[in-house]
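Participant: Give me coordinates for this.
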Amino acid sequence: MKSKILRKLCVYAVSASMMLPVAVPVAAAKAPVVSQVKDPFVLHGLNYITAYLYEGDSLQLRSTVPSSKLNRISGSYRWVSNNPRTVSVSSNGRITAKKCTSSSIGKAIITLKKGNWEISKCMVMVKPRIQFSTRTRTAKKGTTLKIQVPDEPISVSCSSSKVTFDLDKNYIKIKCLKKGTATITLTVNKNGTYKDEYHTRKTYRFNVNVK
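Facilitator: Residues are numbered from 1 along each chain as shown. The predicted structure is shown next:
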């Protein structure tokens, strides 16, 4: 009788020991791999981070990231355009605006890479080519010429007091005061808004003959 009771107690003891949690040794977690380059400089490492070009225009991009940082990255340099049909880029960072597919503005992002790292980016906007004639205009004394100008920020200057001018929306009104010839200079995008924002500057000159 006692032996049966002892056997039952042993069974209960073994069962209870199997239900207790067992401490399992855990391997030490690996330390996270720290990148060679700690400072992010994407979008802030080119001479221009935004560029507005017209069809056919070109612009040279270059990195402004210190070489002390770039030398810590292994691999070779690569310039990449995410839309080469709109903006192409050469192996040395010269971008060229292609023909727009419509009257709207084309867009492309140019990325400078080294190895597997993205160093810098530039957003490029491509606008249709400006249509403006520089032919000589002829008018009589006392009359006013009305000439349509590009729908862009512009400045106008004149080489002679024989005419005066006034900007009215997308037109320039030229008053012919005296007989003779005057040269009108029209500059598109004369002043940039930000240092790292590029706007193609266009200059057009034409003569006005007053009879």
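Participant: Give me the pLDDT for A27.
Facilitator: The confidence metric pLDDT takes the value 46 at A27.
Participant: Would you mind extracting the C-alpha trace of stretch 132-141 into CSV?
Facilitator: Extracted as CSV, the C-alpha positions of stretch 132-141 are listed here (Å, rounded to 0.1, in the frame of the first residue of the first chain):
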residue,chain,number,x,y,z
PHE,A,132,10.0,85.6,-79.6
SER,A,133,11.0,87.3,-82.8
THR,A,134,13.9,89.8,-82.8
ARG,A,135,13.0,91.2,-86.2
THR,A,136,13.1,95.0,-86.7
ARG,A,137,9.9,96.8,-86.1
THR,A,138,9.0,99.9,-88.0
ALA,A,139,6.5,102.6,-87.0
LYS,A,140,5.6,106.2,-87.6
LYS,A,141,6.4,109.0,-85.2
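Participant: list the buried ones in it?
Facilitator: By neighbour count on 16 or more other CB atoms under 10 Å, the buried set for stretch 132-141 is 137, 139. From N, CA and C alone the C-beta is placed, and that goes for glycine too.
Participant: Now it: average pLDDT?
Facilitator: Averaging the model's pLDDT scores along stretch 132-141 yields 94.
Participant: T111 contacts W117, correct?
Facilitator: No: under the criterion of CB atoms under 8 Å, T111 makes no contact with W117, lying 10.4 Å away.
Participant: tell me the contacts of R62?
Facilitator: When contacts are counted by CB atoms under 8 Å, 6 or more residues apart in numbering, R62 is found next to 46-47, 93.
Participant: Looking at those residues, spot the one nearest T164.
Facilitator: If you rank those by distance to T164 using CB to CB, N47 comes first, at 39.9 Å.
Participant: That closest one - how many residues pack around it?
Facilitator: Here the neighbour count serves as a burial measure; for N47 (other CB atoms under 10 Å) it reads 17.
Participant: Skipping its backbone neighbours, what lies nearest it in space?
Facilitator: If the residues on either side of it in the chain are set aside, N47 comes closest to R62, at 5.3 Å by CB to CB, 6 or more residues apart in numbering.
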